[in-house]
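A.B. asks: What shape does this take:
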Amino acid sequence: FKPLFTLRYSATHKTEHNKIHRLDALDAYNQKLVKKIAVRGVTIKGLSGTNAYLYFQSIEVSTNKPPVARSTNKPPVARVEFEIKQKNGIKRIVRKIGLGDNLFDESNKLEQYKDFVVSDIDAVKDILSFTNGVELTVGDAAGDVNEEALRRIQIRETIKAHFDKEQSLFHQGIKVLSLFFIDEVAKYRNYSTPEDTRGEYARIFEEEYTEYLNEVLTLEDTAYNKYLKNITTKRTHDGYFSIDKQKRLVNPAIKKSGEGKGESDDVDAYDLILKNKKRLLSLDEPVRFIFSHSALREGWDNPNVFTICALKHSDNT
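C.D. replies: Reported below is the predicted structural model:
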């Protein structure tokens, strides 16, 4: 060709020559070429001298507009998960609590919540304070936080983030998808119990989804309400994994060497998601939550995935 000059476009230059243009992450965001990323973590906080389980989910601030010209603000309330004594035992439930509320009374007299009276809800700093000196920031979990409790919180937060995004985009005709990464198929589909093949994560998802759906649904006859009511909990999630000869979901093979050591090469599952991409993006398709084994790699592109939840352990930085 005898070119006058050669241009090389790359995200990973092995050797940098004369750089004439650069599009970095900040530029790409400012030019609205990529989504903004927000990371939500759960902080486990040890409270000395108490076994009270608490998870501080969020603060809600609402504004009421009465007929008069002046508007009044309702005081903020905190969404907190704590244990409540019921007829069939003790259950962890998310409740809205306000200034002066006593968790000892709210929990039906559970001893571990004595002296847990709400003294302040700071909506600016996202801090919840109790009269006994305990302070929690949004995302803090305290007390008996085991592995299942942690995963349940992650699944619940993903469902909440999904609904927040879906409520704002549904009327634009944009389908919202959320993606869970798990470490083994048995956590999603368990074939050892034929009467109920749901794995631990599928069961937790359905419980949390049903509970949060009841909060989102209103009595209004809106298109969004009709859309949600037409989707059953069981049909709104699906697993994308390799499939064996018996048509059962199986774990993919793991690479034992090379650059991708420890990663799965789940080609079947990738093909399934890519081939079904058009259907997945349709509002007529009920699946909105995807469970998969593999982390995403180059070439997998689905702009409608707005929330990703990692329920698998990883040492990969």
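A.B. asks: Does Ala123 touch Val77 like I think?
C.D. replies: No. Judged on C-beta atoms under 8 Å, Ala123 makes no contact with Val77 at a distance of 9.6 Å. For glycine as for every other residue, the C-beta is placed from the backbone atoms N, C-alpha and C.
A.B. asks: Overlap in contacts, these two.
C.D. replies: Ile59 (C-beta atoms under 8 Å, 6 or more residues apart in numbering).
A.B. asks: and the gap between Asp284 and Ala28?
C.D. replies: Going from Asp284 to Ala28 by C-beta to C-beta, to the nearest Å gives 33 Å.
A.B. asks: what about stretch 77-86, average pLDDT?
C.D. replies: Throughout stretch 77-86, pLDDT has a mean value of 94.
A.B. asks: Show me the contact partners of that stretch.
C.D. replies: 52-60, 90-98, 103, 106-110, 112-113, 118, 121, 128, 153.
A.B. asks: Would you indicate which residues of that stretch are buried?
C.D. replies: Buried residues in stretch 77-86, counted by 16 or more other C-beta atoms under 10 Å: 77-84.
A.B. asks: Please identify which pair of these lies farthest apart.
C.D. replies: Spanning the widest gap among the buried residues of stretch 77-86 are Val77 and Glu83, at 19.3 Å by C-beta to C-beta.
A.B. asks: Helices along the stretch 151-300 of the chain, start to end?
C.D. replies: 200-216, 223-229, 267-275, 277-280 (DSSP state H, counting those that start in this stretch).
A.B. asks: Between these, which one is closest to Ala310.
C.D. replies: Minimum separation from Ala310 across the helices of the stretch 151-300 of the chain (C-beta to C-beta) falls at helix 200-216, 12.1 Å.
A.B. asks: other SSEs contacting the closest one?
C.D. replies: Using 3 or more C-beta pairs under 8 Å, 6 or more residues apart in numbering; DSSP states H and E, the elements in contact with helix 200-216 are helix 147-169, strand 237-240, strand 289-292.
A.B. asks: orientation of that helix relative to helix 147-169 in degrees?
C.D. replies: Angle, helix 200-216 to helix 147-169, by axes from the mean of the first three to the mean of the last three C-alpha atoms, to 10 degrees: 40 degrees.
A.B. asks: Need the residues that contact helix 200-216.
C.D. replies: Outside helix 200-216, the residues that reach it (C-beta under 8 Å, 6+ apart) are 94, 148, 151-152, 155-156, 159-160, 163, 167, 180, 182, 187-190, 198, 228, 233-234, 236-237, 239, 289, 291, 311.
A.B. asks: That helix - what's its average pLDDT?
C.D. replies: On average, the pLDDT along helix 200-216 is 94.
A.B. asks: likewise stretch 305-317?
C.D. replies: 77.
A.B. asks: What of stretch 7-19?
C.D. replies: pLDDT averaged over stretch 7-19 gives 87.
A.B. asks: now this structure, which segments are flagged as low pLDDT?
C.D. replies: Low-confidence segments of the chain, defined by pLDDT under 70: 47-50, 63-72, 243-247, 249-274, 294-301, 313-317.
A.B. asks: quick one: the most centrally placed residue in the chain from Val42, how far?
C.D. replies: Nearest residue to the geometric centre of the chain (C-alpha atoms, centre = their mean): Thr158, 1.4 Å. Using C-beta to C-beta, Thr158 is found at 12 Å from Val42.
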